[in-house]
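Peer 1: Need the 3D shape of this:
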Amino acid sequence: MIDILLATYNAEKYITQQIDSILSQTYKNFKIIVSDDGSTDRTVSIINEYVSTYPDKITLLPFIKNLGVKENFNYLLQSANSDYIAFSDHDDIWLENKLEISIKKLKEIENNLPTLIYSDKSLVDENIHLISLSSNKAENLQAENFILNKLLVQNTASGCTIMINKKLKDLVGNIPDEAIMHDHYIMLIASIFGKIEYIDKPLILYRQHDDNVIGGAKYNLVYIIRKLLNGRKTLADKFQEYINQSKKIEEIYSDKIDSSTLDIIKKFNKLDNASFFQFRYILIKHNFLKTGLMRKLGMLILL
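Peer 2: Numbering: from 1, shown residues only. Predicted structure coming up:
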């Protein structure tokens, strides 16, 4: 059984297409758990209609308060009990074989270890017109490069493509406040303790619109110039979030992490309060650099 965790917020324009695409999956052994984050439009009414029609397939969790994306997914994660768990945004469309391909790959590789798989996605506009067949190619993202050194400074997986097993879910536990986002944190825990596999094909249509919390972006010279104009302080603050997340992982798991992996995390955490030249020395020596030449240059120039 797969628990599909669907987080929603003011999604009345998109939620029907997404739920329909999940219900149309070729793999049928799943249930959808929904948590709405205080929508002010018709989202909850639409979900309740689906719950009435598919009471054994769809559950809407009680609303507590407005949590934000990360905490809403954490709330969903704590409600999941099945052997496998997939994450879903409210505005995408899943290709009909997404679950079938994902669960097959996960079962092939898990070998009783905490395991995570994720895939590419196609970018579409608000009206489902194709922007790019491969989001990862459009973003110049080397998505298969998920070694810990890289993941500490860059998440290569979109949460909406991720599937995990229960061993990883139990190991993650409650996602801490220091986590940047639920997907990045879960990727790190999988990298430290288990297995990660990338499926090099798009399994969802990833909708780009004005309400996206996080969307696809090309990382090129124009992007770097825009970041320069936005100011180095913003980037430094963002990088501090990476460090805070890593330090929290060390705090929680230090007695469980093997010595070589813990050494990588400790070296990364030394970036906190490092001088200008020490900072760059640590980044380069221990390969704490994002994938791709432009991203590497961006880090070294802008931070």
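Peer 1: Next, residue 75: secondary structure please.
Peer 2: Three-state call for residue 75 (DSSP: H, G, I helix; E, B strand; the rest coil): helix.
Peer 1: need the contact list for it.
Peer 2: 35, 61, 64, 67 (CB atoms under 8 Å, 6 or more residues apart in numbering). All C-beta spots, glycine's among them, are computed from the backbone N, C-alpha and C.
Peer 1: Figure out the helix or strand that the first one lives in.
Peer 2: Element membership of residue 35 [criterion: DSSP states H and E] is strand 30-36.
Peer 1: so for that strand, what's the average pLDDT?
Peer 2: Average pLDDT, strand 30-36: 98.
Peer 1: That strand: partners in the sheet, and parallel or antiparallel?
Peer 2: When pairing is defined by DSSP bridges, strand 30-36 lines up against strand 2-8 (parallel), strand 58-60 (parallel).
Peer 1: Looking at those strands, which is nearest to residue 94?
Peer 2: strand 2-8 (9.3 Å; CB to CB).
Peer 1: what about the closest one, distance to the chain center?
Peer 2: Between the centre of strand 2-8 and the centre of its chain there are 13 Å (CA atoms, centre = their mean, to the nearest Å).
Peer 1: and what of stretch 271-285?
Peer 2: Distance, stretch centre to chain centre, for stretch 271-285: 27 Å (CA atoms, centre = their mean).
Peer 1: Walk me through the domains of this structure.
Peer 2: Residue ranges for the domains of the chain, per automatic domain parsing: 2-207, 221-302.
Peer 1: any idea which of those domains is most buried?
Peer 2: Stretch with highest mean neighbour count among the domains of the chain: domain 2-207 (a mean of 19; mean count of other CB atoms under 10 Å).
Peer 1: Give the closest residue to residue 120 in space, chain neighbours not counted.
Peer 2: residue 202 (4.6 Å; CB to CB, 6 or more residues apart in numbering).
Peer 1: Verify the stated contact: that neighbour with residue 135.
Peer 2: Yes - using CB atoms under 8 Å, residue 202 and residue 135 qualify as a contacting pair, with a distance of 7.2 Å.
Peer 1: Please pull up the helix or strand immediately following the worst-scoring helix or strand of the chain on mean pLDDT.
Peer 2: Least confident helix or strand, the chain: helix 221-230 with a mean of 57, by mean pLDDT, DSSP states H and E. Counting by DSSP H and E, the element after helix 221-230 in chain order, helix or strand, is helix 232-253.
Peer 1: before we move on, the earlier item: let's have the strands paired with strand 30-36 in a markdown table, adding distance to residue 182 and mean pLDDT.
Peer 2: What follows is these, written out as a markdown table (distance: least, CB to CB, whole Å; pLDDT from 0 to 100):
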| stretch | distance to residue 182 | mean pLDDT |
| --- | --- | --- |
| strand 2-8 | 9 | 98 |
| strand 58-60 | 19 | 98 |
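Peer 1: Can you check which of those strands gets nearest to residue 40?
Peer 2: Between the strands paired with strand 30-36, strand 2-8 lies closest to residue 40; by CB to CB that is 12.0 Å.
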